[in-house]
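Participant: Structure of the sequence below:
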Amino acid sequence: MKVLKFGGTSVGTPARMKNVCQLIAKEKKNIVVLSAMSGTTNSLIEISNYFEKNNPEAAHIAIDQLRKKYNAHVTTLYESAEITEKTIKFLDEEFTYLHTFAGVEYSETVYRTIVAQGEIISTNMLANYLQEKGVNVALISALDFMRLAENGEPDQNYIRTHLLEVLEKNNDCDLYLTQGFIACDASGKIANLQRGGSDYTASLIGAALKADEIQIWTDIDGMHNNDPRLVEGTVAVRHLNFEEAAELAYFGAKILHPTCIQPARYAGVPVRLLNTMAPTAKGTIIDNELIPHVIKSIAAKDDITAVKIVSSRMLLATGFLRKVFEIFETFNTSIDMVTTSEVGVSLSIDNKMHLTQIVEELKKYGTVVVEENMCIICVVGDLRWMNVGCESCITAALHDIPIRMISFGGSDHNISFLVREEDKKEALQALSYHLFSPKCDGSKAFEKSKSCKQSCLKSKL
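Facilitator: Below is the predicted model:
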């Protein structure tokens, strides 16, 4: 059994819905997890906000606009008059239900209930289309098995037990369709999965059932080994370790949030990223296998700010770093890279919202220097420290680039460089040539890192 997840853009139009149905009908006994149609969740959030602000008139207008959008989809999605009528009746009930919240006291439960209707609508519409095409599909409600524990985390034992019960009741069906994102809390009230949404749902289901594979279908061709807008000849990365994928998730590869696939990682279930626009492409497989001595990808993140604090009080002092980090915690600002010396610490952040207040607080402990318009470039792969010379093989490519900070050793899969944004393109191109070009092939030459470095340096002369 496989678990297939399709995002909002994959089902954003009737034509795309039909394409998805062609993909999922090829194999039997799979579970399909569906997001809301693209744009729907934002509309539902807007509707909820109007109710919260006690403006039911604006909410009713927004609901009617969304109703018109879906009614237009119905006319082009179905051929059967019976299925068309069935779907229109369902949509009428859904949007009438949304109107009723004008007479309900607003609460967090109201918000979650309204927002959850997007997935409920998309799964019902797709199920009706599959039935029209003769597919024996079971629409199973995520609210029947997707449950959160008292601490707000998924209750995996509950999920597994109740999911198996639901599947057993529908064991004569060829395909199972359910909603992503939505769940019930420990008290049985409607809730949602904050981290990763529908990807998280697919991962939890795949882990619970020990699925053969979890497929995340998007309209992007997997994770790339560089930014194709800056570097020619980039290709999609075909294999990643879970930890390598987690590193790339921060550095610009936003296809998959690392926390949402943790259940799959712990259960040993591989995750494959696939492209609905190119369904025959191999995609990117993510699993627990580490391919030794191979560099997988280069990525970058812009709009980084470097902060340096220098203080003689730091020398042989205890608690200095704690005081510095507490300042960033107070202003809810995450730290990316950190380097230290005997009398100073440099770090980087990607959120400047509270930079002024942070700097004022840091000045109590030392001299502060701020550098904006910086960029983090990372190289991801097998970078364990026992791979002698791997870091020099990588840094050799950047011998002409001014480097503000280097972070190495915090992870076995990432070495990061802080450079000026104006040097980003040159740095990416140099790393790509040095590590991935056939002439250098640095990504497979750690055993011969010295010769790799020499040959790459010669090629630059």
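Participant: For the rest of this, base every contact and every neighbour count on C-alpha atoms.
Facilitator: Noted.
Participant: care to break the protein down by domain?
Facilitator: By the record's domain assignment, the chain is partitioned as 2-218, 296-457 (the TED database).
Participant: Straight-line length of the first one, end to end?
Facilitator: The first and final residues of domain 2-218 sit 16 Å from each other (Cα to Cα, to the nearest Å).
Participant: what bits of the stretch 151-300 of the chain have low per-residue confidence?
Facilitator: Scanning the stretch 151-300 of the chain for pLDDT under 70 picks out 195-196, 220-229, 233, 251-256.
Participant: Show me the helices in it, by range?
Facilitator: 156-169, 198-209, 242-250, 262-267 (DSSP state H, counting those that start in this stretch).
Participant: what about G134, neighbour count?
Facilitator: Residues near G134, counting by other Cα atoms under 10 Å, number 10.
Participant: hang on, the earlier thing: in CSV: the helices of the stretch 151-300 of the chain, plus mean neighbour count and distance to M405.
Facilitator: Below are the helices of the stretch 151-300 of the chain laid out as CSV (neighbours: other Cα atoms under 10 Å; distance: least, Cα to Cα, whole Å):
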stretch, mean neighbour count, distance to M405
helix 156-169, 16, 41
helix 198-209, 27, 34
helix 242-250, 22, 18
helix 262-267, 19, 30
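Participant: Do I have it right that V310 meets V345?
Facilitator: Yes. Using Cα atoms under 8 Å, V310 is in contact with V345, at 6.6 Å.
Participant: who wins for proximity to T280 among the domains of the chain?
Facilitator: When those are compared by Cα to Cα, domain 2-218 sits nearest T280, at 10.2 Å.
Participant: Give me the distance from that closest one to the chain's centre.
Facilitator: 19 Å (Cα atoms, centre = their mean, to the nearest Å).
Participant: Nearest to T75 among the helices of the stretch 151-300 of the chain would be which one?
Facilitator: helix 198-209 (27.2 Å).
Participant: Contacts for the closest one, please.
Facilitator: Counting by Cα atoms under 8 Å, 6 or more residues apart in numbering, the neighbours of helix 198-209 from elsewhere in the structure are 2-5, 7, 33-35, 156, 159-160, 179-181, 193, 212-214, 216, 256, 259-264, 266-269.
Participant: if you set the cut-off to 6 Å instead, what comes out?
Facilitator: 3, 35, 160, 180-181, 260-261, 263-264, 267 (Cα atoms under 6 Å, 6 or more residues apart in numbering).
Participant: Stretch 98-112 too?
Facilitator: Taking Cα under 6 Å, 6+ apart as the rule, stretch 98-112 contacts 48, 52, 56, 191.
Participant: And stretch 146-156, by the same measure?
Facilitator: By Cα under 6 Å, 6+ apart, stretch 146-156 touches 159, 183-186.
Participant: cool, and stretch 275-292?
Facilitator: Here stretch 275-292 has contacts from 217-222, 238-242, 270-274, 382, using Cα under 6 Å, 6+ apart.
Participant: of these, buried ones?
Facilitator: If you count burial by 16 or more other Cα atoms under 10 Å, the buried members of the contacts of stretch 275-292 come out as 217-222, 238-242, 270-274, 382.
Participant: how about the strands of the stretch 1-150 of the chain, start to end?
Facilitator: Assigned by DSSP state E, counting those that start in this stretch, the strands in the stretch 1-150 of the chain fall at 2-6, 30-34, 137-139.
Participant: The stretch 251-400 of the chain too?
Facilitator: 271-275, 284-287, 295-310, 338-340, 344-349, 367-381.
Participant: need the ones you listed in JSON lines with distance to V135, can you?
Facilitator: Output for these, formatted as JSON lines (distance: least, Cα to Cα, whole Å):
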{"stretch": "strand 271-275", "distance to V135": "23"}
{"stretch": "strand 284-287", "distance to V135": "28"}
{"stretch": "strand 295-310", "distance to V135": "40"}
{"stretch": "strand 338-340", "distance to V135": "55"}
{"stretch": "strand 344-349", "distance to V135": "51"}
{"stretch": "strand 367-381", "distance to V135": "43"}
